[in-house]
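> next come a sequence and a model predicted from it.
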Amino acid sequence: RLSVLIIELMAAGAEDAEEEALDEWLEVDRPLEFDRYGFRRESDVDELHRPLAARDARLESAQARRWAELGWRDLASERSERVRLLVRQGIPNELRSAVWQALAQVDAHRARHAPSHYAECAERGMRARTEATAQIELDVDRTFPGHQLFDTPEGAQRLRRVLCAFAEHNPHIGYVQGMGFLAAVLLLHGDDEASFW
């Protein structure tokens, strides 16, 4: 659509046809929707994704059955080949937070610290003025722009808290670019403290 608009404006002799076309194209009022993960998409994309959505629903249903049959909670601590294979095939959405926490041994990490450790690290990290916190400030707004959660002040603050707490807890690592995306994915499937661990 944009290329047709550019050609029409160029044919009409517009000097800055490409720029004008882009401005006009951006001003078109297209209804925006969010997919099931909270990412913004145009509503006219639905037609393209409808066949894939039905296939994905069938696959996820089959995955959920396999995970339920597995008794994965017992096997997650073993990190068995069967669990590895299932993870590679995909973790059902409703189990992701619990499976990730089990595989990352979140409970074992929490047990080595005081119950208030995350809250204390988050508080100190949010007050700190370090290289890590300066980079976090730059990256929070660049992490999943257009996402339903992270485009809100509350969602951005959750991400900021987790990243600052991690930098405080692991000063030898601090913060590295890209870490925001990892934390954001974890926040999409779990709470702040679980995402931190």
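Sure thing, it's come through.
> residue ranges with poor pLDDT in the chain?
1-32, 43-50, 72-79 (pLDDT under 70).
> make it 50
The chain contains residues with pLDDT under 50 at 1, 3, 5, 17, 21-22, 25-26, 28, 30.
> run through the strands of it in chain order.
32-34, 40-42 (DSSP state E).
> do you know which of these lies nearest residue 113?
Among the strands of the chain, strand 32-34 comes nearest to residue 113, with 35.9 Å by CB to CB. Heads up, the C-betas are built off the backbone N, CA and C, glycines and all.
> surely residue 161 is in contact with residue 126?
Yes. Applying CB atoms under 8 Å as the test, residue 161 and residue 126 come out as touching, 6.3 Å apart.
> those two - which one has more neighbours?
It is residue 161, of residue 161 and residue 126, that has more neighbours when counted by other CB atoms under 10 Å, with 24 against 16.
> quick one: that one from residue 120, how far?
Distance, residue 161 to residue 120, using CB to CB, to the nearest Å: 12 Å.
> kindly report the same for residue 155.
For residue 155, the distance to residue 120 - CB to CB - is 23 Å.
> mean neighbour count and distance to residue 80 for the strands of the chain - can I get that in a markdown table?
Shown next, in a markdown table, are these (neighbours: other CB atoms under 10 Å; distance: least, CB to CB, whole Å):
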| stretch | mean neighbour count | distance to residue 80 |
| --- | --- | --- |
| strand 32-34 | 12 | 36 |
| strand 40-42 | 12 | 37 |
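> for residue 186, what are its contacts?
For residue 186, the contacting residues are 100, 162, 194-195, by CB atoms under 8 Å, 6 or more residues apart in numbering.
> neighbour-wise, which of the residues you listed leads?
Highest count within the contacts of residue 186 by other CB under 10 Å belongs to residue 162, 29 neighbours.
> run through the neighbouring helices and strands of the helix ranked longest in the chain.
Determined from DSSP state H, the single longest helix within the chain is helix 46-70. Packing partners of helix 46-70 (3 or more CB pairs under 8 Å, 6 or more residues apart in numbering; DSSP states H and E): helix 81-89.
> repeat that with 10 Å
Contact here means 3 or more CB pairs under 10 Å, 6 or more residues apart in numbering; DSSP states H and E; on that basis helix 46-70 packs against helix 72-76, helix 81-89.
> returning to what we had before: looking at residue 155 and residue 120, which one has more neighbours?
Set residue 155 next to residue 120 and count neighbours by other CB under 10 Å: residue 155 wins out with 20 against 14.
> excluding chain neighbours, what is closest to residue 150?
Spatial nearest neighbour of residue 150, chain neighbours left out: residue 144 (4.8 Å); criterion: CB to CB, 6 or more residues apart in numbering.
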